[in-house]
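Chemist: pasted the sequence and its predicted model underneath.
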Amino acid sequence: MENYSNIKNCFDAFIKSFQSNDTDLEFRKRSINHFLENGYPGIKNEDWKYSPLTKDLQKFNNFNISKSLSNDLPVSHNEAFDHYSIVFYDGNLVSKSILIEGLKIEKNSNYLKSIKKEGENPVLNLNNAFAENGYLIEVEKNAKINKPVVIYYYYSNHFNSNYFGYKNFILVNENSSITIYEKPIYENDSEYLTTSNTEIFLSKNSILKKFDNNISNKNSTIYNFLKCNLDEDSYFELFNFSKNINSRRDETIVNLNGKNSFASVNAIQLLHEKCNHEIKLLMNHNEENTKSSQFVKTALYDQSISSFQGKIFVDSKAQKTDGYQLSRALLLSDNAKFFSKPELEIYADDVKCSHGSSSGNIDNESIFYLRSRGIDEKDAKDMMIKGFLAEVIDKITDNNFQKKFYQQLGHYNNDI
């Protein structure tokens with residue numbers, strides 16, 4: 001067992017200065033004790049068996065948590081389209097609260113203590129102990145929010161912290177809809193650990209479309225946990241674009257608790273050098289007539305590593321379930337690695353569920369065909385890779401964000 005005494009000392013110093021109620025403080029103390037008993041996850045843990053993050057996490061055995069004196073997001077990073085903004089500057093929420101008809105955005109003070117997880121997940125225990133920032137987004141009943149909410153996470157060259165913890169809460173009430181776009185911006189080359197814990201509740205006939213854009217962090221280690229609970233006739237769409245991120249793990253749990261609820265979770269991974277990205281996804285079909293889709297595509301260069309653990313669970317009462325899962329990877333180097341673990345756990349007999357996974361290189365016949373049309377080999381391979389990944393972007397139902405990610409990938413669809 002590793003010695004985590006430095007983390008314990010950091011927590012003792014943190015908790016002395018942290019302002020909260022007695023219930024929350026006790027919960028944080030229990031969380032740090034869970035972490036100290038179990039430590040960071042290792043490869044003996046089945047869920048982390050193929051995870052490079054297990055080594056990356058061990059680098060953080062001493063936390064330096066400090067406040068940034070700056071709070072102005074550089075204008076060059078602002079999105080050009082009309083939107084509502086949430087801005088975290090070096091881990092601190094610096095944007096003002098928004099309270100307009102149908103929408104409330106503020107610091108997640110009231111809900112921090114409510115987002116509690118069982119003590120089995122060591123990284124969430126760490127988040128529960130140290131998290132002091134996060135957002136609350138609530139959409140009122142019958143409200144259609146026409147402008148997207150953009151969440152900026154800006155990491156400047158001036159901060160001294162090596163740990164950031166966020167707890168977020170999203171509530172979309174009945175007959176309401178909203179679109180959220182998360183945009184981390186990394187300008188610091190230091191090594192730091194970020195943990196995020198987001199809880200989502202979608203009420204009857206509500207819609208949430210969430211797009212996450214993760215590009216080019218050089219040394220950070222990121223753990224992102226998201227749990228979404230869907231009521232009757234609700235719709236959840238999640239898209240994650242990852243390009244050259246140093247080390248990241250996304251864990252997502254989707255609970256389809258209401259009839260006719262639908263969840264679509266899609267991701268692109270485009271990784272070079274020694275970057276690694278892991279996805280662990282659990283779709284729980286807990287009620288009849290629910291539908292889900294998981295679609296992940298990966299292109300791996302150099303010594304990059306990707307892993308996908310996707311599971312479809314169907315409860316015994318969840319008849320008429322329709323569950324789909326597919327992960328595919330292009331291995332563009334002999335040293336690149338892709339691990340896949342697709343799973344089905346079904347206790348109902350009237351269902352339609354499928355899963356599949358494949359990995360391989362670019363089709364040489366297709367390259368030959370493109371070269372015969374006057375396209376050089378490098379451009380032909382680039383076209384094949386981008387076309388392979390762009391199929392995931394086709395799943396996006398918001399035309400503006402679909403176009404944005406096509407442009408980011410460098411692939412233009414003539415139909416848009």
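Modeler: Right, received. Where do you want to start? Numbers count the residues shown, from 1 in each chain.

Chemist: past the lowest-mean-pLDDT helix or strand in the chain, which element shows up next along the chain?
Modeler: Counting by mean pLDDT, DSSP states H and E, the chain has its least confident helix or strand at helix 364-372, which shows a mean of 80. With elements assigned by DSSP states H and E, the helix or strand that comes after helix 364-372 is helix 377-393.

Chemist: any idea of the mean pLDDT in that next one?
Modeler: On average, the pLDDT along helix 377-393 is 91.

Chemist: helices or strands up against it?
Modeler: strand 262-271, strand 291-300, strand 322-331, helix 364-372, helix 399-409 (3 or more CB pairs under 8 Å, 6 or more residues apart in numbering; DSSP states H and E). Every residue, glycine included, has its C-beta placed from N, CA and C.

Chemist: report the mean per-residue pLDDT for the first one.
Modeler: Strand 262-271 comes out with an average pLDDT of 97.

Chemist: now find how far off-centre it is within its chain.
Modeler: 9 Å (CA atoms, centre = their mean, to the nearest Å).

Chemist: adjacent strands (with direction) for it?
Modeler: strand 235-243 (parallel), strand 291-300 (parallel) (DSSP bridges).

Chemist: the inter-axis angle of it versus helix 399-409?
Modeler: Interaxial angle, strand 262-271 versus helix 399-409 (axes from the mean of the first three to the mean of the last three CA atoms, to 10 degrees): 20 degrees.

Chemist: alpha carbons of the helix or strand that strand 262-271 is followed by, as PDB, please.
Modeler: Once the chain leaves strand 262-271, the next helix or strand it forms, by DSSP H and E, is strand 276-285. Taking C-alpha atoms only, strand 276-285 is exported to PDB below (Å, rounded to 0.1, in the frame of the first residue of the first chain):
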ATOM      1  CA  ASN A 276      -4.200   7.900 -23.500                       C
ATOM      2  CA  HIS A 277      -8.000   8.100 -23.200                       C
ATOM      3  CA  GLU A 278     -10.300   5.600 -21.500                       C
ATOM      4  CA  ILE A 279     -14.000   5.300 -21.700                       C
ATOM      5  CA  LYS A 280     -16.100   3.300 -19.200                       C
ATOM      6  CA  LEU A 281     -19.800   3.400 -20.100                       C
ATOM      7  CA  LEU A 282     -22.800   1.700 -18.400                       C
ATOM      8  CA  MET A 283     -26.300   1.800 -19.900                       C
ATOM      9  CA  ASN A 284     -28.900   0.700 -17.400                       C
ATOM     10  CA  HIS A 285     -32.300  -0.100 -19.000                       C
END
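
Chemist: off-centre distance for strand 276-285?
Modeler: Distance, centroid of strand 276-285 to centroid of chain: 10 Å (CA atoms, centre = their mean).

Chemist: pretty sure residue 244 contacts residue 272?
Modeler: Yes - contact criterion CB atoms under 8 Å: residue 244 and residue 272 qualify, at 5.4 Å.

Chemist: just the buried residues of the least confident helix or strand of the chain, please?
Modeler: 367, 370 (16 or more other CB atoms under 10 Å).

Chemist: what sits up against that helix?
Modeler: Residues outside helix 364-372 that contact it (CB atoms under 8 Å, 6 or more residues apart in numbering) are 377, 379, 380, 381, 383, 384.

Chemist: again, but for stretch 39-53
Modeler: With CB under 8 Å, 6+ apart, stretch 39-53 has contacts from 1-2, 4, 54, 57-58, 122-123, 221, 223, 247-249, 276, 278, 280, 305, 307, 309, 339.

Chemist: for that stretch, give the mean pLDDT please.
Modeler: Mean predicted confidence for stretch 39-53 is 88.

Chemist: mean pLDDT and distance to residue 259 added to the strands paired with strand 262-271, as TSV?
Modeler: Below are the strands paired with strand 262-271 laid out as TSV (pLDDT from 0 to 100; distance: least, CB to CB, whole Å):
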stretch	mean pLDDT	distance to residue 259
strand 235-243	97	13
strand 291-300	98	11
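
Chemist: those strands: which one's closest to residue 81?
Modeler: strand 235-243 (16.7 Å; CB to CB).

Chemist: ok and whichever helix or strand comes after that closest one relative to strand 262-271, angle-wise?
Modeler: Proceeding N to C from strand 235-243, the next assigned helix or strand is strand 247-256, under DSSP H and E. On the basis of the same axes, to 10 degrees, strand 247-256 is oriented at 170 degrees to strand 262-271.

Chemist: mind giving me the packing neighbours of strand 247-256?
Modeler: Using 3+ CB pairs under 8 Å, 6+ apart, strand 247-256 sits against helix 53-57, strand 221-230, strand 235-243, strand 262-271, strand 276-285, strand 291-300.

Chemist: okay if I get those as JSON lines plus distance to residue 348 and mean neighbour count?
Modeler: Output for those, formatted as JSON lines (distance: least, CB to CB, whole Å; neighbours: other CB atoms under 10 Å):
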{"stretch": "helix 53-57", "distance to residue 348": "34", "mean neighbour count": "20"}
{"stretch": "strand 221-230", "distance to residue 348": "18", "mean neighbour count": "22"}
{"stretch": "strand 235-243", "distance to residue 348": "21", "mean neighbour count": "22"}
{"stretch": "strand 262-271", "distance to residue 348": "17", "mean neighbour count": "24"}
{"stretch": "strand 276-285", "distance to residue 348": "8", "mean neighbour count": "24"}
{"stretch": "strand 291-300", "distance to residue 348": "14", "mean neighbour count": "23"}
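
Chemist: okay, these in TSV with distance to residue 39 next?
Modeler: Below are the helices and strands packed on strand 247-256 laid out as TSV (distance: least, CB to CB, whole Å):
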stretch	distance to residue 39
helix 53-57	9
strand 221-230	15
strand 235-243	27
strand 262-271	28
strand 276-285	19
strand 291-300	29
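
Chemist: so which of the strands paired with strand 262-271 is nearest residue 194?
Modeler: That would be strand 235-243 among these, by CB to CB, at 14.2 Å.

Chemist: nearest spatial neighbour of residue 184, chain-adjacent residues omitted?
Modeler: residue 153 (4.2 Å; CB to CB, 6 or more residues apart in numbering).

Chemist: who's in contact with the nearest residue to residue 236 once chain neighbours are set aside?
Modeler: In space, not counting the residues next to it along the chain, residue 236 is nearest to residue 263; the distance is 4.5 Å by CB to CB, 6+ apart. Listed by CB under 8 Å, 6+ apart, the contact set of residue 263 reads 228, 230, 235, 236, 237, 238, 254, 256, 283, 291, 292, 293.
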